[in-house]
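A.B. asks: everything below, folded, please.
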Amino acid sequence: MASAFSHAIAAVAIGKISRAVGWPGELAKVDTRFWWLLAFCGAIPDIDAIGFWMGVSYDSVWGHRGITHSLFFAALLSVVVVYFFYREQKMFSRGWLFLFLVFFAATASHGMLDAMTGGGPKVRGVAFFAPFYDARYFFPFRPILVSPISITRFFSERGWQVLQNEFIWVWIPSIIVMALASLIKKLRT
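C.D. replies: Numbers count the residues shown, from 1 in each chain. From the prediction side, this is the model:
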């Protein structure tokens, strides 16, 4: 898995580009909850890591990189986030659908980044289609180092190596996307 920091920064980049290319007029003002919710959606799929300490098998749909990394979970979480935090949006209105898609993309980006990690034979792929299909997938291009799950192991030499690697493969592309979003937004006004 990529670190929570990188998942959050990628999700925020998705929010920035979405605002630049097609934000509906009724959503012109975005408050800080939008950005915090994006970061939350980008990072929360790793909540399944608690299964390691509860004895849940890695191979289980409830195991790490299982259902919480799926497109189904991304859709479900997006509905919940929009329903509870954007009640002013009429369900299935243009604004509601746009918010749903942005939060869906932010959540789904978690599995996409994890599918680009290496890490050896113990690391499993991502169950993109859980709970309907339990196969796990990696992308052919896997440059991202696997982040330590333990907080104490994260704050170690290995964690530093992971952050340096993620800076190259996640942060720099996210910064470029955010810069492009700013440029697009400026050109459109």
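A.B. asks: now do the same for Tyr58: its pLDDT.
C.D. replies: On pLDDT, Tyr58 comes in at 82.
A.B. asks: ok, it - contacts?
C.D. replies: Residues in contact with Tyr58 (C-beta atoms under 8 Å, 6 or more residues apart in numbering) are Phe52, His64, Arg65, Arg124. Quick note: C-beta positions are derived from backbone N, CA and C, even for glycine.
A.B. asks: how far is the longest helix seen in the chain from where the chain is centred?
C.D. replies: For the chain, the longest helix by residue count, based on DSSP state H, is helix 94-114. For helix 94-114, the distance from its own C-alpha centre to the chain's C-alpha centre is 8 Å (C-alpha atoms, centre = their mean, to the nearest Å).
A.B. asks: just the CA coordinates for stretch 76-90, please, in PDB.
C.D. replies: This file holds the C-alpha atoms of stretch 76-90, laid out as PDB (Å, rounded to 0.1, in the frame of the first residue of the first chain):
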ATOM      1  CA  LEU A  76     -21.000   3.200  -1.400                       C
ATOM      2  CA  LEU A  77     -18.700   5.600   0.500                       C
ATOM      3  CA  SER A  78     -19.400   8.300  -2.100                       C
ATOM      4  CA  VAL A  79     -23.100   8.000  -1.600                       C
ATOM      5  CA  VAL A  80     -22.800   8.100   2.100                       C
ATOM      6  CA  VAL A  81     -20.400  11.200   2.000                       C
ATOM      7  CA  VAL A  82     -22.700  13.100  -0.300                       C
ATOM      8  CA  TYR A  83     -25.800  12.200   1.600                       C
ATOM      9  CA  PHE A  84     -24.500  13.200   5.000                       C
ATOM     10  CA  PHE A  85     -22.300  16.200   4.100                       C
ATOM     11  CA  TYR A  86     -24.100  17.700   1.100                       C
ATOM     12  CA  ARG A  87     -27.800  17.400   2.100                       C
ATOM     13  CA  GLU A  88     -28.500  20.600   0.300                       C
ATOM     14  CA  GLN A  89     -27.900  18.800  -3.000                       C
ATOM     15  CA  LYS A  90     -31.000  17.100  -4.400                       C
END
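A.B. asks: mind listing residues that contact it?
C.D. replies: Outside stretch 76-90, the residues within contact range by C-beta under 8 Å, 6+ apart are 26, 33, 37, 41, 44, 91, 95-96, 99-101, 103-104, 107.
A.B. asks: and it, how far from the chain's centre?
C.D. replies: Offset of stretch 76-90 from its chain centre (C-alpha atoms, centre = their mean): 17 Å.
A.B. asks: and stretch 54-61, by the same measure?
C.D. replies: With C-alpha atoms, centre = their mean, you get 21 Å for stretch 54-61.
A.B. asks: show me what counts as buried in it.
C.D. replies: Val56 (16 or more other C-beta atoms under 10 Å).
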